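Undergrad: give the three-dimensional model of this entry:
(chains A and B)
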Amino acid sequence: MLLFRSEETVDSWCRENGVPRRPLIDLDQLWYMAVTWYGNRLTVESRRPGPDEMVQIFAAIGLEGPFWDPQADQWRSST
Amino acid sequence: MDFDTSVKLKIYETIAETAQAPAAPEVAQALGAPLSDVLAAFNRLHQKRLLVPEPGDPARIRMASPFSGVETPFRVLALGKSYYANCAWDAFGVPAALHADAVIEASDGFSGEPIRLEVKDGAPLPQECISHFAVPAARWWEDILYT
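TA: Predicted structure coming up:
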C-alpha cells in the first residue's frame, strides 16, 4: 500500500510494475481504516478484526465488493 | 491475562517507548519467562496475524503492525521519537495506535517525490496525496511483506 502524489503517478507505477490499477484511497478513508484497525492496538483487548468485521469497516467508507472481502474466492486463484 | 497477551503487550509497550521492536530474549527477560515460551508465543501471534517474524529468524520481529521492526520508506515522527511503519495504511496506524499527533515522512511510490503528511488532534491535515491498494484483501497475507 503505497502513497502517491497524483493519479498520474499511480498509473505510471502500475505500468512499470505490470499490474492493473486498483482502488485509490483518500487520506480521510485511510485515517478511518487506521483508527478502526489500530486504535486499541496497545491495549489488552486489541485483536485483528475478523473477516466480517473487515467487510463492515471497509463498507463504512464506501469500499465494497470482492476486492475488499478477505473471503472472496475470486481473488484466491487469479490475478 | 494469558501469556500470549502479555507477550503482545510487552512487544507493543516496548515499541511505543523505544521505537524499537524487541527480540524474543528481551521480552523473555522483561516477563521473567523462558525464552522457549516466548518463541512459542511469537509463533502463535504470527498465526493470529498479529506479528511477522524476521524471515529466517523467529526470535526477531519484522512487523508488529502498524510498526515495522526495520527501517522503511514510511517514517513516523511522534512523541519525540522516530518510528517506522510498514505501508501507507500503517503510517497512519502509528499515530492511531499511539493516540498522538504525528508527522509522516514518505514519498511518492513512483516518482520518489517526498510526501509529508501530518496528523493533528485526531485527524489528518489535508494534503494532495492518495493511496493505491494493489492487492485485494483476500491475498494480503500471501506475501504480507509485499502487501
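Undergrad: and the gap between the one residue sitting closest to the centre of chain A and residue A:57?
TA: Central residue of chain A (Cα atoms, centre = their mean): residue A:68, 6.6 Å from the mean position. Here residue A:68 is placed at a distance of 9 Å from residue A:57 (Cβ to Cβ, to the nearest Å). All C-beta spots, glycine's among them, are computed from the backbone N, C-alpha and C.
Undergrad: quick one: the helices in chain B?
TA: Counting by DSSP state H, chain B has helices at residues B:3-18, B:24-31, B:35-47, B:88-98.
Undergrad: need the ones you listed in JSON lines (columns: mean pLDDT and distance to chain A).
TA: Shown next, in JSON lines, are the helices of chain B (pLDDT from 0 to 100; distance: least, Cβ to the nearest Cβ, whole Å):
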{"stretch": "helix B:3-18", "mean pLDDT": "97", "distance to chain A": "5"}
{"stretch": "helix B:24-31", "mean pLDDT": "98", "distance to chain A": "15"}
{"stretch": "helix B:35-47", "mean pLDDT": "96", "distance to chain A": "10"}
{"stretch": "helix B:88-98", "mean pLDDT": "97", "distance to chain A": "4"}
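Undergrad: which of those is buried the deepest?
TA: helix B:88-98 (a mean of 28; mean count of other Cβ atoms under 10 Å in any protein chain shown).
Undergrad: got the angle for that one vs helix B:3-18?
TA: Angle, helix B:88-98 to helix B:3-18, by axes from the mean of the first three to the mean of the last three Cα atoms, to 10 degrees: 90 degrees.
Undergrad: give the contact list for the residue of chain A positioned farthest from its centre.
TA: Computed with Cα atoms, centre = their mean, the residue of chain A farthest from its C-alpha average is residue A:44, at 25.2 Å. Neighbouring residues of residue A:44 by Cβ atoms under 8 Å, 6 or more residues apart in numbering or on different chains: B:1, B:5, B:9.
Undergrad: nearest to residue B:137, of those?
TA: Relative to residue B:137, the closest of the contacts of residue A:44 is residue B:5; by Cβ to Cβ it sits at 25.8 Å.
Undergrad: a strand runs through residue A:35, doesn't it?
TA: No. Assignment of residue A:35 by DSSP: H, G, I helix; E, B strand; the rest coil gives helix, placing it outside any strand.
Undergrad: how near is it to residue B:96?
TA: 5 Å.
Undergrad: and the helices in chain A, which stretches?
TA: A:7-17, A:27-38, A:51-59.
Undergrad: thought residue B:24 was touching residue B:39?
TA: Yes. Taking contacts as Cβ atoms under 8 Å, residue B:24 lies within contact range of residue B:39: 5.3 Å.
Undergrad: still on that earlier bit, using a markdown table, lay out the helices of chain B together with distance to residue B:133.
TA: Below are the helices of chain B laid out as a markdown table (distance: least, Cβ to Cβ, whole Å):
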| stretch | distance to residue B:133 |
| --- | --- |
| helix B:3-18 | 25 |
| helix B:24-31 | 32 |
| helix B:35-47 | 23 |
| helix B:88-98 | 8 |
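Undergrad: how is chain B carved up into domains?
TA: B:3-64, B:75-138 (automatic domain parsing).
Undergrad: dump these into CSV; add distance to residue A:24 as well.
TA: As requested, the domains of chain B are arranged in CSV below (distance: least, Cβ to Cβ, whole Å):
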stretch, distance to residue A:24
domain B:3-64, 24
domain B:75-138, 5
